[in-house]
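Enquirer: I'd like to go over a predicted model; first the sequence, then the structure.
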Amino acid sequence: MGLSIKNAVTVNKVRRLAKLTRKGLTEVVDDAVSRELLRLQPTEGRRHIDTMATLHRIQKDYAAGRLAATGTADEIVGYNDRGHFD
């Protein structure tokens, strides 16, 4: 299957996005089209995409050292002093 993009500006945008995200051209185009379709036609699958996008942002922040947990494991999870959730 093929797709020919004849707009040089669009091609450059796709290449820039691929470079910034370290993804292939096909993956970048697929991600962008999938997100736009979900935006225009929200479905149950949108929650999955939103969750994955959130997880990717958290992963990037963690890898960059921007997430620092400041509590015990129980506090982070949300347990109270009785070992229950509030």
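Expert: That came in fine, so what should we check first? Residues are numbered from 1 along each chain as shown.
Enquirer: so after the one helix or strand residue 31 maps to, what's the next helix or strand?
Expert: Per DSSP states H and E, residue 31 falls inside helix 25-40. As assigned by DSSP H and E, the chain's next helix or strand after helix 25-40 is helix 45-63.
Enquirer: That following helix: which residues count as buried?
Expert: Neighbour-count burial for helix 45-63 flags residue 49 (criterion: 16 or more other C-beta atoms under 10 Å). C-beta coordinates here come from the backbone N, C-alpha and C atoms, glycine included.
Enquirer: by contact count, what packs against it?
Expert: In terms of contacts (3 or more C-beta pairs under 8 Å, 6 or more residues apart in numbering; DSSP states H and E), helix 45-63 is packed against helix 25-40.
Enquirer: which residues does residue 54 contact?
Expert: Counting by C-beta atoms under 8 Å, 6 or more residues apart in numbering, residue 54 touches no other residue.
Enquirer: For this protein, which residues score under the pLDDT cut-off?
Expert: For the chain, applying pLDDT under 70 flags the ranges 42-47, 67-68, 86.
Enquirer: Compute the distance between the residue nearest the centre of it and residue 75, please.
Expert: In the chain, the residue lying closest to the centroid (C-alpha atoms, centre = their mean) is residue 53, at 2.4 Å. Using C-beta to C-beta, to the nearest Å, residue 53 is found at 27 Å from residue 75.
Enquirer: Perfect, I'm done here.
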